[in-house]
Each structure stands twice: as C-alpha cells, then as structure tokens.
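Asker: could you look at this predicted model? Sequence included:
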Amino acid sequence: MMTDPIADMLTRIRNAQKSKKDTTALPFSNLKKGIADILVREGYLAGVEVTKDGTKETLQITLKYQGREPAIQSLKRESKPGRRVYCKADAIPTVLEGFGLAILSTPKGLLTNKEAKKEKVGGELICTVY
C-alpha cells in the first residue's frame, strides 16, 4: 500500500527524466492533476492528460527537455505524511531566489508561492521545483 502518492508522483517524474523518457503515467487524483497543471503552466512539464481505461483513470504526463537536459533540475517533496510543513502567509519560502517554485495547498486551492504571497494566504508546502 502506498502511503504518499504525491512523493510517488514526483519520483516517477524524476525517474522518467533520468531515463530520458517522453511521457510517464500514474494513477489519477485531483491533487496530482492540480500539481501537474501548475508545473505545465510554469513551464516545467510539456503537458498533462487524463486517460480512461475502463473505470481506471490515469494521468499521462509529457516531460519537457531543454536540449538534452530536463526542464526540472530538482523536484523535492517538502511536506511528508510523517512531518507536515505549513507556512503562514508572511513566511512563504522563495525558491532559488525567485527562479524556482514552491507549490502550496491553501484554502484557495493549489497555488504557487508567488500566487499565495499575492493572495496573502498560507498553507501546506507540498513541494519545491527548479
């Protein structure tokens, strides 16, 4: 049984990039879809698509490369089931001096660190990307 599906998702993306794959597939959930949508919008992934196989939904993630290098240099899970990490609105981290991205789960939905600062909401720090 999987205890942390988000960490599994991030690991699958990292592993697929290391082996120079074009796409990777993982079980669907709204949270994973939201994270993938943010990564696409911010330019870290090429695309995300939900496919149905009978009753089972799958998330197809298309990876993005710049030349031979993956667009994502680092993808780190911050808040884990054993140790949750929460940020107040005035303590949202800046990743790689503004070049990176943190994804937070807030009362207003999934937001990047920049959006959360603008909206003045805090939340659970899910992961950081650069």
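Answerer: Perfect, thanks for sending it. Residues are numbered from 1 along each chain as shown.
Asker: what stretches of the chain score poorly on pLDDT?
Answerer: Confidence mapping of the chain against pLDDT under 70 gives the ranges 1.
Asker: rerun at 80
Answerer: 1-2 (pLDDT under 80).
Asker: could you list the domains of it?
Answerer: 5-70, 75-129 (automatic domain parsing).
Asker: which residue sits closest to the residue nearest to the spatial centre of the chain, ignoring its sequence neighbours?
Answerer: Centroid-nearest residue in the chain: Ile35, 4.1 Å away (criterion: CA atoms, centre = their mean). Nearest residue to Ile35, sequence neighbours excluded (CB to CB, 6 or more residues apart in numbering): Ile103, at 5.9 Å. C-beta: built from backbone N, CA, C; applies to glycine.
Asker: right, and the helix or strand after whatever helix or strand the one you found lives in?
Answerer: Element membership for Ile103, per DSSP states H and E: strand 101-106. Next helix or strand after strand 101-106 toward the C-terminus (DSSP H and E): strand 109-112.
Asker: list the buried residues for that following strand?
Answerer: Leu110, Leu111, Thr112 (16 or more other CB atoms under 10 Å).
Asker: ditto for stretch 88-96
Answerer: Buried residues in stretch 88-96 (16+ other CB under 10 Å): Ile92, Val95.
Asker: now the residue nearest to the centre of the chain: which helix or strand?
Answerer: Per DSSP H and E: helix 30-41 holds Ile35.
Asker: how far does the helix or strand just after that helix sit from its chain's centre?
Answerer: As assigned by DSSP H and E, the chain's next helix or strand after helix 30-41 is strand 45-53. Here strand 45-53 is found 14 Å from its chain centre; the criterion is CA atoms, centre = their mean, to the nearest Å.
Asker: against which helices or strands is the very next helix or strand once past strand 45-53 packed?
Answerer: Counting by DSSP H and E, the next helix or strand C-terminal to strand 45-53 is strand 56-63. Packed against strand 56-63, as judged by 3 or more CB pairs under 8 Å, 6 or more residues apart in numbering; DSSP states H and E, are the following elements: helix 5-18, strand 23-27, helix 30-41, strand 45-53.
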